[in-house]
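Q: attaching a predicted model along with its sequence, questions to come.
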Amino acid sequence: MSDLDTVLDYVEQSCLARGKKLTPKRKLVLQTLLHANQALSAYELLDYCQQHFEQHIPVMTIYRILDFLECEHFVHKLKVSNQYIVCSHILSENEHGVAQFFICTKCNKINEKIIDPLMMQGLQSNAQQEGFTVIDPQIEINGVCDKCIK
């Protein structure tokens, strides 16, 4: 069984355990993100599905599927670029925590790391001092990866 099959099987079983269903179209969108191995917008997903899997899914359906996958914590939406990426902790049974993404502006490599809970408390405290309530604490940090900097 390939890594891709392992992930798809895990997601399918997780959905069933939660009383949800990984429909063929949902599975195709997740498979596409896994296969692409990079962040994609809904329209890029549409093109990728057509080019690599010869499948057409209407873009509004893709958005609904992405919402489902995001709500189930299988993918993340990168807010700045409006792209989606498979959660790097997709096979983890543990509570996910708050994600931070390190995004290379040269090669578009993205690494996901969970924010230290103490750091998150500090960020929330700073927000409260400024009169804000943190609703979506995801952090996206742009930089250059070690490979590109060389």
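A: Perfect, thanks for sending it. Numbering: from 1, shown residues only.
Q: switch to C-alpha atoms for all contacts and neighbour counts from now on
A: OK.
Q: next, count neighbours for the residue lying closest to A36 once chain neighbours are set aside.
A: Leaving out its chain neighbours, the residue that sits closest to A36 by CA to CA, 6 or more residues apart in numbering is Y48, at 8.0 Å. For Y48, the count of nearby residues is 20 (other CA atoms under 10 Å).
Q: tell me the pLDDT of Y48.
A: Y48 is assigned 95 on the pLDDT scale.
Q: in the lengthiest helix in the chain, what counts as buried?
A: Longest helix in the chain by number of residues, with DSSP state H as the criterion: helix 3-17. Residues of helix 3-17 classed as buried: 7-8, 11-12, 14 (neighbour count, 16 or more other CA atoms under 10 Å).
Q: which strands and helices sit next to that helix?
A: Judged by 3 or more CA pairs under 8 Å, 6 or more residues apart in numbering; DSSP states H and E, helix 3-17 is in contact with helix 24-36.
Q: tell me what angle the helix it packs on forms with helix 3-17.
A: 150 degrees (axes from the mean of the first three to the mean of the last three CA atoms, to 10 degrees).
Q: give the buried residues for the helix or strand following helix 24-36.
A: Using DSSP states H and E, the helix or strand that directly follows helix 24-36 along the chain is helix 42-53. Residues 42, 45-49 are the ones in helix 42-53 that count as buried (16+ other CA under 10 Å).
Q: how many neighbouring residues does A36 have?
A: Applying the criterion other CA under 10 Å, we find 16 residues in the vicinity of A36.
Q: that one and V86, how far apart?
A: A36 is 10 Å from V86, where distance means CA to CA, to the nearest Å.
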